[in-house]
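Colleague: Take this sequence and fold it.
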Amino acid sequence: MRYVRSILQQGVFHPRRTVIVALLLSLLAAAMIVDWEHRSLDLHIDPTLDRLLPDDEPAQAAFERLSLTFGAPDQLIVGLEMAQVFSPEGLRAVALATRQVRAIPGVRDVASLATVPNLLADDEALDVSSFTRQAEVDPGSIDLMARQVANNPLYAGSLVTDDGQMAALIITLQGVDARQYLAADLDARLRDAAAVPGVTRVRLTGASAIHALSDIRVDYGFIGTGYVDALHGLTEFDWEVVQVKKSVIASSRKAILLCISEKLNSQHRYRTCDISAINTLVTELPPDHNRLNPFRDREIHLL
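Modeller: Now for the predicted structure:
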C-alpha cells in the first residue's frame, strides 16, 4: 500500500516526469509490435481453433488428440483433374502425386486413393492395401473400384468426384502457419508436385490456403460471383468459395467485381460481402443501362 501511495505521489508532484515515463513506455510498447524490416505492424489474426484454448486447458489436450486421430482442422485439398481416375493411367498419376506431395517439408500426412485401405476379404485372406497398390498388382480390379468407393461412406464424395474425373489429395500440414505458408511458397510447391503426367489441371483449396491470403496486400482485387444484388450484396452456394473471396476483398485496397448481367439481382445462401465493399462493377451492359440503376445508386463505379 505504501508503495502504491509513493507512485501516486510521484505522479502528483512530478507530472512532467510521469508524462515522459508514460510516453517512453508507450514508444517501447509500440516498437514491439512493428516489423521494422518490412515497415508494417507485426499484428496478425490467427483464426485457427487451437489458439482459442489456453495451453493448460483440459480441452486443449482433447482437441490435440482429436486432431491426431481424425485430422487437423486446417487441411488442404488438392484436386487432380484427369480423363478418368479409375484407369491404370489415372491411378498411377494419383500414386505419383501423393508421393511427391508427401515429400514436401511441412506436409504431415496425405489421404488419397494411394494411402487409404480398400478392404477386400475372401475365404483365405484379408487385403488392406490401397487402391493404387491393388491396381498395380491386379489391373483387372480397377473395374470394380468405382463401385467400391461409392459404397464406402468414408470415401464416397471425398476421394473421387461422382463423375470419376477428379481425385482428391487431403493434406494435413504440421507446424506451418499462414506466414510460413507464404514464405515457403507452399501453394506453388504443392501444385507443382501434383502436376504429374495424366493430370490436366490441379485445384487447391482449404483453410490454410485461405488464411494465407490474409497476409497478401494488393491495390486491386478482381473477383467473380455467382449471385449479386444491390440490397443483399454478393452471395454464393459454396461456403468455402465465400471464405476465399472474403480474404481477397480484405487484402485488396479496391475490389473489382466481374459479373455478367444474368447474375444481377439474384442471391443465394452464403453471403460474401455487402455491395458497399465493391468499388467497381464490370458487366457486358452499357454503364447507363437501367438494370444497373440499383448499383449506381450505391455509388459503385460502373464499366
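Colleague: which stretches of the stretch 51-200 of the chain form helices?
Modeller: Counting by DSSP state H, counting those that start in this stretch, the stretch 51-200 of the chain has helices at residues 58-70, 88-102, 131-137, 142-150, 178-183, 186-194.
Colleague: Output the last one as CSV, nothing but the C-alphas.
Modeller: Written as CSV, here are the backbone C-alpha positions of helix 186-194 (Å, rounded to 0.1, in the frame of the first residue of the first chain):
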residue,chain,number,x,y,z
LEU,A,186,3.8,-23.8,-50.4
ASP,A,187,0.9,-23.2,-52.7
ALA,A,188,3.2,-23.3,-55.8
ARG,A,189,5.2,-26.3,-54.5
LEU,A,190,2.0,-28.3,-53.9
ARG,A,191,0.7,-27.5,-57.3
ASP,A,192,4.0,-28.4,-59.0
ALA,A,193,4.2,-31.7,-57.1
ALA,A,194,0.7,-32.6,-58.0
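Colleague: Next, format the helices of the stretch 51-200 of the chain as CSV and append mean neighbour count and mean pLDDT.
Modeller: Backbone N, C-alpha and C define where each C-beta goes, glycine included. Below are the helices of the stretch 51-200 of the chain laid out as CSV (neighbours: other Cβ atoms under 10 Å; pLDDT from 0 to 100):
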stretch, mean neighbour count, mean pLDDT
helix 58-70, 11, 52
helix 88-102, 21, 94
helix 131-137, 20, 91
helix 142-150, 16, 89
helix 178-183, 17, 69
helix 186-194, 18, 87
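Colleague: Minimum distance to Y270: which of those has it?
Modeller: Closest to Y270 of the helices of the stretch 51-200 of the chain, according to Cβ to Cβ: helix 178-183, at 22.4 Å.
Colleague: on that earlier part again, next, format the helices of the stretch 51-200 of the chain as a markdown table and append distance to A30.
Modeller: Compiled in a markdown table, the helices of the stretch 51-200 of the chain are given as follows (distance: least, Cβ to Cβ, whole Å):
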| stretch | distance to A30 |
| --- | --- |
| helix 58-70 | 31 |
| helix 88-102 | 42 |
| helix 131-137 | 55 |
| helix 142-150 | 56 |
| helix 178-183 | 21 |
| helix 186-194 | 32 |
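Colleague: With respect to L113, which of those helices lies nearest?
Modeller: Closest among the helices of the stretch 51-200 of the chain, once you apply Cβ to Cβ, is helix 131-137, at 4.2 Å.
Colleague: Domain ranges for this structure, per the record?
Modeller: Using automatic domain parsing, the domain parsing of the chain gives 2-33, 74-213, 218-302.
Colleague: rewinding a little: would you tell me which of the helices of the stretch 51-200 of the chain gets closest to R271?
Modeller: When those are compared by Cβ to Cβ, helix 178-183 sits nearest R271, at 23.5 Å.
Colleague: show me where pLDDT drops low in this structure?
Modeller: In the predicted model of the chain, residues 1-15, 33-74, 122-123, 177-179, 182, 206-216, 238-240 satisfy pLDDT under 70.
Colleague: which one's the longest helix in it?
Modeller: Longest helix in the chain, counting residues (DSSP state H): helix 15-32.
Colleague: where's that one relative to the chain centroid, distance-wise?
Modeller: 41 Å (Cα atoms, centre = their mean, to the nearest Å).
Colleague: Out of the helices of the stretch 51-200 of the chain, which is closest to L281?
Modeller: Nearest to L281 among the helices of the stretch 51-200 of the chain is helix 186-194; the distance by Cβ to Cβ comes to 28.6 Å.
Colleague: So which other helices or strands are in contact with the closest one?
Modeller: Judged by 3 or more Cβ pairs under 8 Å, 6 or more residues apart in numbering; DSSP states H and E, the packing partners of helix 186-194 are strand 75-81, helix 88-102, strand 166-173, strand 201-206, helix 207-212.
Colleague: hmm, try it at 10 Å
Modeller: Packing contacts for helix 186-194, counted by 3 or more Cβ pairs under 10 Å, 6 or more residues apart in numbering; DSSP states H and E, involve strand 75-81, helix 88-102, strand 107-111, strand 166-173, helix 178-183, strand 201-206, helix 207-212.
Colleague: Is it possible to get those out as JSON lines so that each row also shows distance to N151?
Modeller: Output for the helices and strands packed on helix 186-194, formatted as JSON lines (distance: least, Cβ to Cβ, whole Å):
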{"stretch": "strand 75-81", "distance to N151": "22"}
{"stretch": "helix 88-102", "distance to N151": "18"}
{"stretch": "strand 107-111", "distance to N151": "18"}
{"stretch": "strand 166-173", "distance to N151": "17"}
{"stretch": "helix 178-183", "distance to N151": "36"}
{"stretch": "strand 201-206", "distance to N151": "26"}
{"stretch": "helix 207-212", "distance to N151": "29"}
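Colleague: That'll do, ta.
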